[in-house]
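Chemist: Let me see the structure of the following:
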Amino acid sequence: MNSFQNITATSKLNPFRSDAGEGQFSIFAQLRAMGAVIPITVPMGNTNGQQWMITRMEEVSEVLKNPRLFTVDQSLIEGLTPATPEITPETDSPAPTTFFSGKSMISVDEPDHRRLRRLVSKAFTPRYMESLRPSVQKIADELLDQVQAQGHMDIVKDYAHPLPINVICDMLGVPVEERAQVHTWSTAISHGLGLGVREPEVEANLRAFGDYTAQLVKAKRKHPADDLISQLITIEEEGDHLSEDELLSMITLLIFAGHETTSNLLATGTLMLLDYPEQLNKLKADPELTSSAFEELLRFNGPATMTGPRYATEDTILGGQQIRKGDVVIPLLKSANRDELLFEHSEELDIHRKVNRHLAFGHGIHSCLGAPLARVEGDVAFRTLLRRMPNLQLAVPREEVNWHFALSSQSLMTLPVVF
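Modeler: Next up is the predicted model:
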């Protein structure tokens, strides 16, 4: 068994420190060298149990594929007494709770998870997602049409954010004139997931987003249309026991997860390609590499740093460590995706990579429902951007690129480019 002290909130090896920034990957590499399962004292789980970071691919996969042993729903653990999240020098408030009302797919295991996921699974099949390609292509071209003549743009504001939000809002039936406000609220949610970020303004945005979702559902009940929200309402009314809270949670999750992570990936992926010009040149020379390049960008620097916490339902051994019933385990997706034991030259970007069993979309029953949609969007977005703007380059020095780092994700604030 490995022997080391807990990683504390103020430790230089805490990858969730607000000043970790892009140095997060160096920290992950040091943690992997220490072990696959490492004790940590940071307020990320509402329990009295020990907390653990899971750093390597084999152990992260084991946690994610075994909800019987590692559950997202601590209420399923008999005899567990939830703890009051502590305040640490690194935060001025407890770790945030879920922003969804009621139960959502990300907060329950079987059998509730199966029932909730089944309701929307038909709308997210690879075949249906592929049928959306012409619509995604039209949106991508229209966005680039707006900036083509000026010779410069902000990838985040002008392309990476509006593309996926328009796609998911089309699917859900969100009116065009309301989409900018939806994006504002969604960004507040993303930033509100940061450790300790609970300012009144963030809370107000979260409540407003919830109120809007309720009003949107109310409007769709009165005037149903050919969209996913109307379909979910019909399913509920046919007696599938989808409660009002579950319906609202589902729609909120779909709006948020349907565009925020993809937006981050498109912007970050563009920056990664600019950081590795030899890889960018290979991709421009052979656009058919776009699919493999997208998977490599997901592995190399995907949008999700970690999954939500899992709770051990019984005593077990994981990565050589004794895990007790009620302990919290935190699967680090970005660390697992650079595991040297699985990926050769794991710290390098290689769009020709053959073995790419990454976990950017998760694993097991909680794997990302929207992965097929993200792949279509990514393929279209990068092909179109590099075809129309082959001379793309940063408009500012690399060190001036600004990030927003949250507990579970990262996003670029802006990405000015010229072409």
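Chemist: what's the distance between residue 186 and residue 203?
Modeler: For residue 186, the distance to residue 203 equals 15 Å [Cβ to Cβ, to the nearest Å]. Every residue, glycine included, has its C-beta placed from N, CA and C.
Chemist: Between these two, which has more neighbouring residues?
Modeler: More neighbours surround residue 186 than the other of residue 186 and residue 203, with 23 against 15 (other Cβ atoms under 10 Å).
Chemist: quick one: the more buried one and residue 253 touch, right?
Modeler: No - contact criterion Cβ atoms under 8 Å: residue 186 and residue 253 do not qualify, at 11.1 Å.
Chemist: just how off-centre is the worst-scoring helix or strand of the chain on mean pLDDT within its chain?
Modeler: Sorted by mean pLDDT, DSSP states H and E, the helices and strands of the chain end with helix 179-192, the least confident at a mean of 78. A distance of 14 Å separates the centroid of the chain from that of helix 179-192, by Cα atoms, centre = their mean, to the nearest Å.
Chemist: immediately after it, which helix or strand?
Modeler: helix 200-222 (DSSP states H and E).
Chemist: Pull out the buried positions in that following helix.
Modeler: Residues of helix 200-222 classed as buried by neighbour count (16 or more other Cβ atoms under 10 Å): 202, 205, 206, 209, 210, 212, 213, 214, 216, 217, 220.
Chemist: do the same with stretch 299-319
Modeler: By neighbour count on 16+ other Cβ under 10 Å, the buried set for stretch 299-319 is 299-307, 309-313, 316, 318-319.
Chemist: Dump it to PDB, restricted to CA.
Modeler: Only the C-alpha atoms of stretch 299-319 are listed here, as PDB (Å, rounded to 0.1, in the frame of the first residue of the first chain):
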ATOM      1  CA  ARG A 299      -8.200  13.000 -24.700                       C
ATOM      2  CA  PHE A 300      -5.500  15.600 -24.500                       C
ATOM      3  CA  ASN A 301      -7.600  18.400 -23.000                       C
ATOM      4  CA  GLY A 302     -11.300  17.600 -22.800                       C
ATOM      5  CA  PRO A 303     -13.800  19.900 -21.200                       C
ATOM      6  CA  ALA A 304     -14.400  17.900 -18.000                       C
ATOM      7  CA  THR A 305     -11.700  17.700 -15.300                       C
ATOM      8  CA  MET A 306     -13.500  15.200 -13.200                       C
ATOM      9  CA  THR A 307     -16.900  13.500 -12.700                       C
ATOM     10  CA  GLY A 308     -19.100  14.100  -9.800                       C
ATOM     11  CA  PRO A 309     -18.200  12.300  -6.600                       C
ATOM     12  CA  ARG A 310     -19.000   8.600  -6.000                       C
ATOM     13  CA  TYR A 311     -19.600   7.100  -2.700                       C
ATOM     14  CA  ALA A 312     -18.400   3.600  -1.700                       C
ATOM     15  CA  THR A 313     -21.300   1.400  -0.800                       C
ATOM     16  CA  GLU A 314     -19.100  -1.100   1.000                       C
ATOM     17  CA  ASP A 315     -15.500  -1.700   2.100                       C
ATOM     18  CA  THR A 316     -13.300  -2.500  -0.900                       C
ATOM     19  CA  ILE A 317      -9.700  -2.300  -2.200                       C
ATOM     20  CA  LEU A 318      -9.000   0.000  -5.100                       C
ATOM     21  CA  GLY A 319      -5.500   0.800  -6.500                       C
END
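Chemist: I'd like to know how far residue 301 sits from residue 359.
Modeler: Going from residue 301 to residue 359 by Cβ to Cβ gives 13 Å.
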